[in-house]
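Colleague: missing the sequence, but the structure's below:
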């Protein structure tokens, strides 16, 4: 299979997948190295494909269904699990994390977490890596974009975050 054909096949596979697809899986499927897949995805992005890299693999984000809102939070690294679970427990999907960096401006990390299982996989990946959460760059202050089934689920998520003491309303 030529590289151009492989890129088209990767794009089609991502379009049809309902879950993130790892570079390792794609490499095995197309009998190339993981680095070749990373390069293919970079070229696809440069050509305009809306491919996001999440902690669990590549996705083509579908239009969010339901209510999409942002919530501001502030906590240390130990509060991350409780915060994420509080949101998914209310039926919301945590689409991303956003911080405002003094040099680079807005930095966004795609999360795509919809369940406690997703949260546990994300936290396991954090634990095995040397990387620190984006919120460490901003003293724990960050935003999450949520996709919720409705206003009631968003209200419950905000209340759960408030009960944890991580809902951030501004300077104390």
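Modeller: Cool, got the structure. It should be emphasised that the depicted structure is a prediction, and the values quoted were computed from it without experimental measurement. Numbering: from 1, shown residues only.
Colleague: show me the residue at the heart of this protein, geometrically.
Modeller: Centroid check for the chain by CA atoms, centre = their mean gives residue 111 as the closest residue, at 1.2 Å.
Colleague: what strands line up against whatever helix or strand that one lives in, and which way round?
Modeller: Assessed by DSSP states H and E, residue 111 sits inside strand 105-113. Its sheet considered, strand 105-113 pairs with strand 93-101 (antiparallel) by DSSP bridges.
Colleague: give me the buried positions along the strand it pairs with.
Modeller: Of all the residues in strand 93-101, those buried under the rule 16 or more other CB atoms under 10 Å are 93-99. The C-beta positions use only the backbone N, C-alpha and C, and glycine is treated the same way.
Colleague: picking that back up, name the residues that touch the helix or strand just after the strand holding residue 111?
Modeller: Downstream of strand 105-113, the first helix or strand assigned by DSSP H and E is helix 116-128. For helix 116-128, the surrounding residues in contact (CB atoms under 8 Å, 6 or more residues apart in numbering) are 55-56, 80-81, 84-85, 88-89, 111-113, 133.
Colleague: run through who's touching stretch 133-152.
Modeller: So stretch 133-152 is in contact with 64-77, 79-80, 87, 90-101, 107, 109, 111, 126, 154, 157, 168, going by CB under 8 Å, 6+ apart.
Colleague: now do the helices in this protein.
Modeller: 3-16, 23-30, 34-46, 80-88, 116-128, 151-164 (DSSP state H).
Colleague: can you point out the buried residues in the fourth one?
Modeller: Of all the residues in helix 80-88, those buried under the rule 16+ other CB under 10 Å are 80, 82-88.
Colleague: now do the first one
Modeller: Of the residues in helix 3-16, those buried under the neighbour-count criterion (16+ other CB under 10 Å) are 6-7, 10-11, 13-14.
Colleague: how about the residues you listed in a markdown table, adding distance to residue 46 and pLDDT?
Modeller: Below are those laid out as a markdown table (distance: CB to CB, whole Å; pLDDT from 0 to 100):
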| residue | distance to residue 46 | pLDDT |
| --- | --- | --- |
| 6 | 16 | 94 |
| 7 | 11 | 94 |
| 10 | 14 | 94 |
| 11 | 13 | 93 |
| 13 | 19 | 94 |
| 14 | 15 | 93 |
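Colleague: from those, which is closest to residue 37?
Modeller: Checking these against residue 37 by CB to CB gives residue 10 as the nearest, at 7.0 Å.
Colleague: against residue 60, how distant is residue 11?
Modeller: Going from residue 11 to residue 60 by CB to CB, to the nearest Å gives 8 Å.
Colleague: which residues do those two both contact?
Modeller: Shared contacts of residue 11 and residue 60, defined by CB under 8 Å, 6+ apart, comprise 49, 51.
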